[in-house]
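>>> Turn this into a model:
(2 chains)
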Amino acid sequence: MPAVENTIVICAGGACISAGEISVKESLESTLKEYALDEVVQVVETGCMGACDLGPIMVIYPEGIFYQKLNSENVKKIVEEHLLKGRVVKEFLYTGPAGEVKEKPQEELPFFKKQVKIATRNLGVVDPLSIEEYIARDGYFALTKVIKELSPDKVIEELKKSGLRGRGGAGFPTGLKWEFAKKAESNVKYVICNADEGDPGAFMDRAILEGDPHTVVEAMTIAAYTIGATKGFIYVRAEYPLAIERFSHALETAREYGFLGNNILGTDFSFDIEVRIGAGAFVCGEETALINSIEGKRGIPRVKPPYPAQKGLWNKPTLINNVETYANIPPIILHGGDWFSQFGVEGSRGTKVFALAGKVNNTGLVEVPMGITLRELIYEIGGGVPGGKKLKAVQTGGPSGGCIPEKHIDTPITYDTLKELGTIIGSGGMIVMDEDDCMVDVAKFFLEFTVEESCGQCTPCRDGTKRMLEILERITDGEGTEEDLEKLKELGEHIMKTSLCGLGQTAPQPVLSTMRYFWDEYEAHVKEKRCPAKKCKELTRIVIDKEKCVGCTACARVCPVDAISGSVRNPHEIDSEICTRCGSCLEVCRFGAISKVSP
Amino acid sequence: MGKIKSLEELMKIKENTLKDLKMRDTDKRGKIVVAMGTCGIAAGAKETLKAIVDVLNEKGIEDIAVVQSGCFGLCDVEPTIEVRIGENEPIIYGHVTPNQAKRIIEQHVLEGKVVSDLVVKRGEL
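This next block holds a predicted model:
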């Protein structure tokens, strides 16, 4: 076989496929064959290149020439001109936002700029099953330093200096928490790692446990030494089997090396960790419910105070921190509290891991200094909103948080600024929403989640959230009244004031915050029975423009519920009673005859 | 491995492992790191890993180690692999299907040419 001279990479992302990538590829391959180029030109399909609005797209290597908006015709021309005659076909080149011709797509993603990796420093770098690789990245040096050189008070002093606050959601100063647990008098104390990550959209704790389990082992051991505990638990949800497997492996090797078990590092300090697997109840992420669950009781929250630092697991003083919080501890010990506090801003020191999800190009985990703006996070690191759509809002803090509308995207992200905006950093989930998302529908989604996950112990949360959801359902079904809006608000405020635990105290947040910023959308649903984003099924219809429809039958063929009728070459019609508003017909219509309408 | 009792012992492990990681004084010429977080596995990292091992065996390449790591954050481009040859700057590739893995081994590992259309990042993470 002759050596490959050119490689053509053609995007086979979902958007390019629906834009006709398959026919382009077929045409490309047959043209290559026609000119006997198929042996020296290799065609490779790749995943989404992120320029979905320009699709189908392809890049010809080694030159790296980027062609856009292909069809079976122009791709033939590209083969004839570019590959046979070596001439770039200018008219199909990729153009930038200002119309400038760009011959090369970006080689490296800007994703990595502006990131500062502390908690996730080893993710993707070390082999999670190799304790040696963790040691090579300064692993267990912090523990050795603590045990051989530092007094517990000195550890707490460094933590206080660092300004680290709990990364699980509440943001309590970590140094203070450790101090309370240390000062509590008892012959038995416990250390717990809360790995019951449950916010929809957040997955940093899973990634840390899977990619760098030893950092949590090391930090928990440091915590135990500091507060005087001999026994630790990690509470992980059963949905994280790989995290459980790798963490358990880390425990075994740490014991072999003498970092866990009896006489750690040859001293008389002994400590060990046990894995407890949770059944996946969201409420068990609440620390006292989690403690009940470890004790073998039903996972329902306790009344606070007493706080776990005084009376926690089996009523003994207990230090409980979240995975990401622990992952910050070893670097703070090694480099000092002052080093950590140089990142971030007053009141919010260090970095935070965010899980970018939703309508953003680079979905994934990013670790950035506190105080970065949402704009930097979404546009520079996240690569913006796909398909050239307009950013509408960002939901932070999952079902306990609220939304930040587009007009506030230049606000620096800190514990305090987000609180002012009516939301929280929470565990760091960030769901990006664009113009196609209905804010009432979003609020309903999160409330459905909390209604499902409410433990049922206290009335405001158990019954109140259910009533709120019923009102929201009425509104999205077009049956809401203006009185409903008032009721929704009042009920929400009462639930926040009177619920026992954090779940109920924050459950109305998504509703209240969307009401605060998108009141006009709520009003449109109630007064005009209209969904501005054309999302709510009962308020939206899909219609075919009889003037534009040529009767190609493409829509009728893709309709999964046979709601479209009409004969060939005659305008088609959609039966709104049967139609599920799935939008499949919208995607296949090549004549722009189908649209969504909300009265 | 016996239990560690001092900073000196810890330091020794660090130094020895660093030599391996940086590809110094080892019998290997390079290594391929496959990201095996849940996101990577869901995107097909196990198949990619298998393809890498198969292609290396097929071609009789014995001086390349294959290891795994966790997710470095860009779940969107999984499966990802890092290719590190000698002391050259490591290259991270994204969307590495079994076919692309073969291409990377043929071009990058064997011929030393970076497969630029799949590059996600150059240099250390």
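>>> My read is that A:Glu286 contacts A:Leu503, right?
Yes: judged on Cβ atoms under 8 Å, A:Glu286 makes contact with A:Leu503 at a distance of 6.0 Å. For glycine as for every other residue, the C-beta is placed from the backbone atoms N, C-alpha and C.
>>> neighbour-wise, which of those two wins?
A:Glu286 (29 against 25; other Cβ atoms under 10 Å in any protein chain shown).
>>> And that one, how far from A:Lys311?
Taking Cβ to Cβ, to the nearest Å as the measure, A:Glu286 falls 16 Å from A:Lys311.
>>> do the same with A:Trp339
As judged by Cβ to Cβ, A:Trp339 and A:Lys311 stand 35 Å apart.
>>> shared neighbours, A:Glu286 and A:Leu503?
Here A:Glu286 and A:Leu503 share the contacting residues A:Pro301, scored by Cβ atoms under 8 Å, 6 or more residues apart in numbering or on different chains.
>>> Skipping adjacent residues, who's closest to A:Val588 in space?
A:Ala554 (4.6 Å; Cβ to Cβ, 6 or more residues apart in numbering or on different chains).
>>> mind checking pLDDT for that neighbour?
Per-residue pLDDT puts A:Ala554 at 93.
>>> List the contacts of it.
Applying Cβ under 8 Å, 6+ apart, we find A:Ala554 in contact with A:Cys585, A:Val588, A:Cys589, A:Arg590.
>>> Next, the spatially closest residue to the third one that is not a sequence neighbour: phi, psi?
Yep, that's A:Cys589 we're talking about. Nearest residue to A:Cys589, sequence neighbours excluded (Cβ to Cβ, 6+ apart): A:Cys555, at 5.7 Å. The phi/psi pair for A:Cys555 (degrees, to the nearest 10) reads phi -70, psi -40.
>>> residues near the residue of chain A found nearest chain B, how many?
Of all residues in chain A, A:Gly211 sits closest to chain B, at 1.7 Å by Cβ to the nearest Cβ. Number of residues near A:Gly211 (other Cβ under 10 Å) recorded here: 30.
>>> Return the residues in contact with it.
Applying Cβ under 8 Å, 6+ apart, the residues contacting A:Gly211 are A:Thr120, A:Asn122, A:Leu123, A:Gly124, A:Val126, A:Pro128, B:Gly37, B:Ser69, B:Gly70, B:Cys71, B:Phe72.
>>> Tabulate those in TSV, adding columns for secondary structure.
Listed next are the contacts of A:Gly211 as TSV, based on DSSP: H, G, I helix; E, B strand; the rest coil:
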residue	secondary structure
A:Thr120	coil
A:Asn122	coil
A:Leu123	coil
A:Gly124	coil
A:Val126	coil
A:Pro128	coil
B:Gly37	coil
B:Ser69	strand
B:Gly70	coil
B:Cys71	coil
B:Phe72	coil
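>>> ok, so of those, who is nearest B:Ala51?
Taking Cβ to Cβ as the measure, B:Ala51 lies nearest B:Ser69 of those, at 17.4 Å.
>>> Could I get the contacting residues of the closest one?
Going by Cβ under 8 Å, 6+ apart, B:Ser69 touches A:Leu123, A:Gly124, A:Val125, A:Val126, A:Asp127, A:Pro128, A:Gly211, B:Val33, B:Val34, B:Ala35, B:Met36, B:Glu82.
>>> and what of A:Ser18?
Neighbour list for A:Ser18: A:Glu587, A:Val588 [criterion: Cβ under 8 Å, 6+ apart].
>>> if you set the cut-off to 7 Å instead, what comes out?
Residues counted as contacts of A:Ser18 (Cβ atoms under 7 Å, 6 or more residues apart in numbering or on different chains) are A:Glu587.
>>> what does A:Gly492 give?
Applying Cβ under 7 Å, 6+ apart, one finds that A:Gly492 lies in contact with A:Met468, A:Pro508, A:Val511, A:Leu512.
>>> What residue, apart from its backbone neighbours, is nearest it spatially?
In this structure, A:Gly492 finds its nearest non-sequential neighbour in A:Pro508, 3.3 Å apart by Cβ to Cβ, 6+ apart.
>>> Kindly report the residues of chain B close to chain A.
B:1, B:3-5, B:7, B:10, B:13-14, B:17-18, B:21, B:35, B:37-38, B:67-76, B:95, B:99-100, B:116-117, B:119-122, B:125 (Cβ under 7 Å from any Cβ of the partner chain).
>>> Select only the buried ones of those residues in PyMOL?
The buried subset of these, as determined by 16 or more other Cβ atoms under 10 Å in any protein chain shown, is captured in PyMOL by this line:
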select buried, chain B and resi 3+4+5+10+13+14+17+21+35+37+38+67+68+69+70+71+72+73+74+75+76+95+100+116+117+119+120+121+125
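>>> one step back: what number of residues lie near the residue nearest to A:Gly492?
A count of nearby residues for A:Pro508, using other Cβ under 10 Å, gives 30.
>>> Equivalent analysis for A:Lys114, please.
15.
>>> Now do the SS call for it.
Under three-state DSSP, the three-state class of A:Lys114 is coil.
>>> Can you check the pLDDT for the residue nearest to A:Gly492?
97.
>>> Now tabulate the contacts of B:Ser69 in TSV and tack on pLDDT and distance to A:Gly168.
Shown next, in TSV, are those (pLDDT from 0 to 100; distance: Cβ to Cβ, whole Å):
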residue	pLDDT	distance to A:Gly168
A:Leu123	90	18
A:Gly124	87	23
A:Val125	85	24
A:Val126	89	24
A:Asp127	91	27
A:Pro128	93	22
A:Gly211	93	19
B:Val33	94	30
B:Val34	95	30
B:Ala35	94	25
B:Met36	93	26
B:Glu82	95	31
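>>> Quick check: of those, which lies closest to A:Leu356?
A:Leu356 lies nearest to A:Leu123 out of the contacts of B:Ser69, by Cβ to Cβ, at 15.0 Å.
>>> Give me the nearest residue to that closest one, chain neighbours excluded.
Distance criterion Cβ to Cβ, 6+ apart; nearest residue to A:Leu123, sequence neighbours excluded, is A:Gly211 at 4.0 Å.
>>> Over to A:Ala195?
A:Val236 (4.2 Å).
>>> quick one: A:Gly232 is in a strand?
Yes: under three-state DSSP, A:Gly232 falls within a strand.
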